[in-house]
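1. return atomic coordinates for the entry below.
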Amino acid sequence: MSDVSQSGAGSAGTGSRRLKIALIASLALNLLILGIVGGTMYGFKNHPPRHGQGRGEDFGLMGLTRVLPPERRKEIRKQLKEDRVTLRPLMDDIGVARRDAADKLAAEPFDRAALETAIATVAEKERALRQAAVQVFLGHAGTLTTEERRMLADWWRKKSEPFRRGKDAKKDEKEAPPPPE
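-> Prediction:
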């Protein structure tokens with residue numbers, strides 16, 4: 001009878017130990033996930049995407065609106081929203097073309113020529129959107145004041161600087177000449 005009670009106690013101790021290990025492993029995994037999410041959010045907040053990796057505003061007016069007075073910012077943003085309505089069909093065409101290219105990529109049997117044609121179609125639709133967006137931008141650029149155009153040019157220059165981290169960035173900031181007044 002004592003054999004039964006001892007083996008039962010040993011199983012309970014092993015189960016309790018396994019439970020503790022599982023809880024610690026779960027906690028470690030949760031902390032790892034929180035760290036990844038937090039680090040990613042911190043990285044995007046403090047180091048925004050550059051060189052076209054972002055929302056496509058590298059040479060647009062939306063970045064300018066961040067530095068304008070509130071009343072002018074609202075006016076330009078309203079105009080840009082109206083322009084998006086006219087550009088939306090071109091964006092939708094790109095989405096359709098990309099889905100078609102994805103279908104060609106996944107098709108069996110694989111047809112290289114069909115995929116190549118589909119990718120060329122995507123590129124052409126993207127060029128058409130880019131040209132239309134440039135025309136919209138040029139129309140707006142003509143309505144900006146001299147100071148607003150200068151601010152936008154400064155913003156473009158800043159966005160086109162290479163991204164540097166750590167000591168190199170701090171060194172460049174110290175050595176940079178003061179901005180002209």
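2. please report how far Ala25 lies from Gly38.
-> 20 Å (C-beta to C-beta, to the nearest Å). In this view, the C-beta of every residue, glycine as well, is placed from N, C-alpha and C.
3. okay, and the helix or strand of the chain with the least pLDDT?
-> Least confident element among the helices and strands of the chain, by mean pLDDT, DSSP states H and E: helix 166-175 (a mean of 57).
4. for this structure, which segments count as helices?
-> 2-46, 62-65, 70-106, 112-141, 146-160, 166-175 (DSSP state H).
5. ranking the ones you listed by burial, who's on top?
-> helix 62-65 (a mean of 18; mean count of other C-beta atoms under 10 Å).
6. quick one: contacts for Arg98?
-> Counting by C-beta atoms under 8 Å, 6 or more residues apart in numbering, Arg98 touches Val122.
7. check it and give its pLDDT.
-> Looking at Arg98, its pLDDT reads 94.
8. any idea how far it is from Leu138?
-> From Arg98 to Leu138 the distance is 27 Å (C-beta to C-beta).
9. just checking, Leu115 touches Ala101?
-> Yes - between Leu115 and Ala101 there is a contact under C-beta atoms under 8 Å: 6.7 Å.
10. burial measure for Phe163, as a count.
-> Neighbourhood size, Phe163 [other C-beta atoms under 10 Å]: 10.
11. and the pLDDT at it?
-> 71.
12. likewise Ile21?
-> 90.
13. show me what contacts it?
-> Counting by C-beta under 8 Å, 6+ apart, Ile21 has no contacts.
14. gap between it and Leu32?
-> For Ile21, the distance to Leu32 - C-beta to C-beta - is 16 Å.
15. can you check Ala25 too?
-> Taking C-beta to C-beta, one finds Ala25 at 10 Å from Leu32.
16. how about Ile76, nearest residue that isn't a chain neighbour?
-> Closest residue in space to Ile76, ignoring its immediate chain neighbours: Thr65 at 5.3 Å, by C-beta to C-beta, 6 or more residues apart in numbering.
17. ok, now which ones touch the one you found?
-> 73, 76-77, 80.
18. what's the offset of stretch 79-97 from the middle of its chain?
-> Centroid separation for stretch 79-97 versus its chain: 19 Å, with C-alpha atoms, centre = their mean, to the nearest Å.
19. and stretch 151-162, by the same measure?
-> Per C-alpha atoms, centre = their mean, the centroid offset for stretch 151-162 relative to its chain is 18 Å.
20. go on, stretch 15-28?
-> 37 Å.
21. kindly report the same for stretch 139-151.
-> With C-alpha atoms, centre = their mean, you get 27 Å for stretch 139-151.
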